[in-house]
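> Got a sequence here, can you build the structure:
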Amino acid sequence: GCITCSAETPFLHKNSANNSSGLCSDIHCLSGYFEDDVICLKCHPSCSECQDADPSSCFACISSYPYWHRDDVAQTTGSCHQAGECQFGYFPVEPFSCLKCHQSCGE
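This next block holds a predicted model:
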């Protein structure tokens, strides 16, 4: 893998911040990666687009983890789940999108 990139392919894509090398691309942060300064790091494996590597920072989910869970409707990031429906404590708001139940609810 590459440690630095050329001017023609300036974006270094690494699987984690701990990796010393990665792949260079002329495309700014490929799908499944997020920008960290001038380096593109891999999203959590359940995310197809993300803010950072945290599993609750997904903007979008991969097809095998389609259920996107957010704590609030205004929240732009959430976690992705594999189960065939919303997790306990969440309710569906649209296909494959789940919101956290109010704290006063049991379910």
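
> What are the phi and psi values at S63?
Backbone geometry at S63, expressed as degrees, to the nearest 10, gives phi -60, psi -30.

> neighbours around it, how many?
The number of residues packed near S63 is 6, by other CB atoms under 10 Å. For glycine as for every other residue, the C-beta is placed from the backbone atoms N, C-alpha and C.

> Read off the pLDDT value for it.
Listed pLDDT for S63 reads 93.

> again with the one 4 residues further on
If you check Y67, the pLDDT there is 94.

> Quick check: closest non-adjacent residue to it.
Closest residue to Y67 apart from its sequence neighbours, by CB to CB, 6 or more residues apart in numbering: H81 at 4.3 Å.

> Who are the contact partners of the one you found?
By CB atoms under 8 Å, 6 or more residues apart in numbering, the contact set of H81 is S46, Y65, Y67, H69, Q87, C98.

> one more time with 7 Å, if that's ok
Y65, Y67, H69, Q87 (CB atoms under 7 Å, 6 or more residues apart in numbering).

> residues contacting the last one?
To tie it back to what came earlier, the one meant is Q87. Contacts of Q87 (CB under 7 Å, 6+ apart): H69, H81, C98.

> can we see that at 6 Å?
Shown in contact with Q87 (CB atoms under 6 Å, 6 or more residues apart in numbering): H81.

> Flag the shaky bits of this protein, pLDDT-wise.
The model of the chain has pLDDT under 70 over residues 106-107.

> just so I have it, where are all the strands in it?
Per DSSP state E, the chain carries strands over the ranges 11-14, 23-25, 33-36, 39-42, 47-50, 58-61, 67-70, 79-81, 90-94, 97-100.
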